[in-house]
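S.K.: return a 3D structure for these sequence lines:
(one chain, ligands or ions: 1)
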Amino acid sequence: MTDRSAIRYRIRPKSPEAHLYEVSVTVADPDPLGQRFALPAWIPGSYMIREYARHFVTVRAASGGRAVRIEKLDKHTWRAERCDGALTVSADVYAWDLSVRGAHLDTSHGFFNGACVFLRCVGREHEPCEVEILPPRGGRYRAWRVATALPRRDAPAYGFGLYAAADYDELIDHPVETGTFSLVSFKTRGVPHDIAITGRHDADLDRLARDVKRICVTQIDFFGGRAPMDRYVFLVTAVGEGYGGLEHRASTALLTGRDALPHAGSREATDAYRGFLGLVSHEYFHTWNVKRIKPAAFTPYDLARENYTTLLWAFEGFTSYYDDLLLVRAGLMDEAAFLKTWGESLTRILRGSGRLKQSVAESSFDAWIKFYRQDENASNAVVNYYAKGAAVGLALDLLIRQKTRGRRSLDDVMRLLHERYGRTGEGVPEEGVERAAEEVAGAKLTRFFAQAVHGTEDLPLERLLRYVGVKLTVRPAESPGDRGGKASSKSAAVLASRVTLGARTAAEGSAVKITAVLDGGPAQAAGVSAGDVLIAIDGLRASADTLEDRLARMRPGQRVKLHLFRRDELQEREVELAAPPADTCVLEIDPGLKGRARARRAWLAGR
Ligand code: ZN
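M.R.: The predicted structure is shown next:
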């Protein structure tokens, strides 16, 4: 006997050119009634059924050098026929999904999430397992290395070899990057951190490490000064265009535009770089909020089907609230940029009437079929639990600060949740966040949560922001490109005399495609639909370049003819143009509220 685990995985890029991994699992003592194996239908952190089994090209089983019959029981479950000795199931897995939640392999690198490649031995999920990670065959791959937070059992640092996990849940919670990535490392609060960057880039690694380290220190200290992991890895993939992240217990996979990374020699803090640091901050905060403080619905995860919780507004929303706020506290974002970002965020919320129909609790519950599967009607039907959840965090933070005269805050709620649930591993019950907030506030917050979380009324942010001396104003947009966040140079009368079609558009060749029709707007009243191609307005050709100029010459209440193609059939519609709604938010320091400056500093500095 050896001390090897009874469950052993092996993964090797079989053909990088064909994007095929060969993955196997060997069970020393399979179920005598026939061992079952299953692949997750989804990956924790991304709430959509993805059915990873569809990328399993071939599956075979063998024992003692002889083939064993293996049959499929449902879309992602297999059962091998009973056998006496160790059983090995092998599969060729197609890996051509360059996203943080997939697997991707070519001759330049390999990346995989365990959920996409490792079969779960049904009934043996809690046993320790090990995985041998191998390079592709051939001399051209000699320089490849491995970046992952999986604990090493018998492998050199950053090298191929044997890795281990305490159970299946851990096995699939450490994504793995292999290739010739660049690497920069730092230690913070005693914990080694790596940043591995794949893809062509010219990033200033020292600056990147310095800035990311400030985020990590700020967050570890936020939760009491001791990190819950003994090492951490940022797996960054730099591409032409892209943005996304997925959190794990001791690492994160990030996708970013390569030009968002700061290049050597530049000291500039571009919006894109701040966006990247915001992503880093977001995913790192998840190390606590959702990877340790978890909804009861995720303890444990059921990987075969949807896991329903109404709490994503707290797990994604509060994480979104803190990602930028902690950048301010880390000294990586100033007050002006922070207020501008909030103005843009509140604008995005206000521009979707879905917020008037769906609460953030409902949006969380239905994430699987709505937020993650948005169509042209999404802004009329779905509220974004990230953006509005962050606004709920802002409102709740200000409310608690106000009620306790600055003695307590949402920070204390997060720390209480971490003590109560994060450290114990107990899941947060559906009402657990509300109860914790009431405990910290020392008051019932029933009305607040009924409105903010379970209702669809707009949040009372104008009033709450006054507590920190910030004035929130709402005005009409000054142009289609106006994302909010800053005051307009145009007068209120000029802004109110603009017109809107009540539709979102995009260029389609020389014409204009209607991409969304907003509820209650002129386009909807006239029977215009998403997918229609607008070719003329008021008898003159409409193009993406000229549409705005045309509309700028018209007045609210004016009736004009639209010519459109739908299913290649010419349609004529008469539309009554409307004044634009007040849906553009600006946050500014209110000079009339000088006495609130101390409360604002405490909020931004985290005291
Ligand atoms: Zn998130």
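
S.K.: tell me how many other residues surround Phe234.
M.R.: Residues near Phe234, counting by other Cβ atoms under 10 Å, number 24. Heads up, the C-betas are built off the backbone N, CA and C, glycines and all.

S.K.: just give the nearest non-adjacent residue to it, would you?
M.R.: Distances taken as Cβ to Cβ, 6 or more residues apart in numbering put Ile195 closest to Phe234, at 4.5 Å, once the chain neighbours are dropped.

S.K.: ok, residues contacting the helix or strand of the chain with the lowest mean pLDDT?
M.R.: Here the helix or strand of the chain ranked lowest by mean pLDDT, DSSP states H and E is helix 492-496, holding a mean of 90. Helix 492-496 is contacted by residues 475-478, 488, 556, 579-580 when judged by Cβ atoms under 8 Å, 6 or more residues apart in numbering.

S.K.: and that helix, C-alpha only, in PDB?
M.R.: Below are the C-alpha coordinates for helix 492-496, written out as PDB (Å, rounded to 0.1, in the frame of the first residue of the first chain):
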ATOM      1  CA  ALA A 492     -32.000  72.600 -18.100                       C
ATOM      2  CA  ALA A 493     -34.200  74.200 -20.800                       C
ATOM      3  CA  VAL A 494     -31.900  73.000 -23.600                       C
ATOM      4  CA  LEU A 495     -31.800  69.500 -22.100                       C
ATOM      5  CA  ALA A 496     -35.600  69.400 -21.800                       C
END
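
S.K.: just give me how far it sits from the chain centre.
M.R.: With Cα atoms, centre = their mean, to the nearest Å as the basis, helix 492-496 stands 37 Å off its chain's centre.

S.K.: and the following helix or strand past that helix, how far out from the chain's middle?
M.R.: For helix 492-496, the following helix or strand on the C-terminal side (DSSP states H and E) is strand 503-508. Here the centre of strand 503-508 is set off from its chain's centre by 26 Å, with Cα atoms, centre = their mean.

S.K.: partners of the helix or strand following strand 503-508, with directions?
M.R.: Using DSSP H and E, the next helix or strand after strand 503-508 towards the C-terminus is strand 511-517. Applying DSSP bridges, strand 511-517 is found paired with strand 503-508 (antiparallel), strand 533-537 (antiparallel).

S.K.: quick check: can you list the domain ranges of this structure?
M.R.: Taking automatic domain parsing as the reference, the chain has its domains at 7-180, 181-270, 288-468, 499-579.

S.K.: Serialize these to TSV and add fields for distance to Val280 and mean pLDDT.
M.R.: TSV is the format used below for the domains of the chain (distance: least, Cβ to Cβ, whole Å; pLDDT from 0 to 100):
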stretch	distance to Val280	mean pLDDT
domain 7-180	13	97
domain 181-270	6	97
domain 288-468	8	98
domain 499-579	30	96
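
S.K.: let me have those in TSV, extended by distance to Cys585.
M.R.: Below are the domains of the chain laid out as TSV (distance: least, Cβ to Cβ, whole Å):
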stretch	distance to Cys585
domain 7-180	28
domain 181-270	23
domain 288-468	4
domain 499-579	17
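
S.K.: among those domains, which is nearest Val586?
M.R.: With Cβ to Cβ as the measure, domain 288-468 is the member of the domains of the chain nearest Val586 (5.0 Å).

S.K.: now the closest one, how far from the centre of its chain.
M.R.: 14 Å.

S.K.: that one: end-to-end distance?
M.R.: 27 Å (Cα to Cα, to the nearest Å).

S.K.: contacting residues for the residue positioned nearest the centre of the chain?
M.R.: Among the residues of the chain, the one closest to the centroid is Gly245, at 5.5 Å (Cα atoms, centre = their mean). Going by Cβ under 8 Å, 6+ apart, Gly245 touches 100, 252-255, 279, 282-283.

S.K.: out of the residues you listed, which sit inside strands?
M.R.: Counting by DSSP state E, those place 252-255 in strands.

S.K.: the nearest residue to Tyr21 once chain neighbours are set aside is in what secondary structure piece?
M.R.: Among residues not flanking Tyr21 along the chain, Val93 sits closest, at 4.7 Å (Cβ to Cβ, 6+ apart). Element membership for Val93, per DSSP H and E: strand 87-94.

S.K.: got the buried residues for that strand?
M.R.: For strand 87-94, burial by neighbour count (16 or more other Cβ atoms under 10 Å) applies to 87-94.

S.K.: and what of stretch 505-512?
M.R.: 505, 508, 511-512.

S.K.: reformat the residues you listed as a markdown table; add distance to His454.
M.R.: Putting the buried residues of stretch 505-512 into a markdown table (distance: Cβ to Cβ, whole Å) gives the following:
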| residue | distance to His454 |
| --- | --- |
| Thr505 | 35 |
| Glu508 | 40 |
| Ala511 | 43 |
| Val512 | 39 |
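
S.K.: for the residue lying closest to Arg550 once chain neighbours are set aside, what are its contacts?
M.R.: Using Cβ to Cβ, 6+ apart and skipping residues adjacent in sequence, the residue nearest Arg550 is Ile537, 5.4 Å away. Contact analysis of Ile537 by Cβ under 8 Å, 6+ apart lists 547, 550-551, 560-563.

S.K.: and if you look at Leu461?
M.R.: 346, 391, 394-395, 472.

S.K.: let's see it at 7 Å
M.R.: 391, 394-395, 472 (Cβ atoms under 7 Å, 6 or more residues apart in numbering).

S.K.: surely Glu247 meets Gly45?
M.R.: Yes. Using Cβ atoms under 7 Å, Glu247 is in contact with Gly45, at 5.3 Å.

S.K.: show me which residues of stretch 415-427 are buried.
M.R.: Neighbour-count burial for stretch 415-427 [16+ other Cβ under 10 Å]: 415-418, 420-422, 427.

S.K.: now these in a markdown table, with secondary structure and distance to Pro151?
M.R.: Formatted as a markdown table, the buried residues of stretch 415-427 follow (DSSP: H, G, I helix; E, B strand; the rest coil; distance: Cβ to Cβ, whole Å):
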| residue | secondary structure | distance to Pro151 |
| --- | --- | --- |
| Arg415 | helix | 28 |
| Leu416 | helix | 31 |
| Leu417 | helix | 27 |
| His418 | helix | 23 |
| Arg420 | helix | 28 |
| Tyr421 | helix | 25 |
| Gly422 | helix | 21 |
| Gly427 | coil | 25 |
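
S.K.: from those residues, which two are the most distant?
M.R.: So, the buried residues of stretch 415-427 by Cβ to Cβ: farthest apart are Arg415 and Gly427, at 18.0 Å.

S.K.: closest to Ala602 among the buried residues of stretch 505-512?
M.R.: So of those, ranked by how close each gets to Ala602 (Cβ to Cβ), first place is Thr505, at 44.3 Å.

S.K.: residues in contact with the closest one?
M.R.: 512-515, 547.

S.K.: from Leu350, how far off is it?
M.R.: For Thr505, the distance to Leu350 equals 19 Å [Cβ to Cβ, to the nearest Å].
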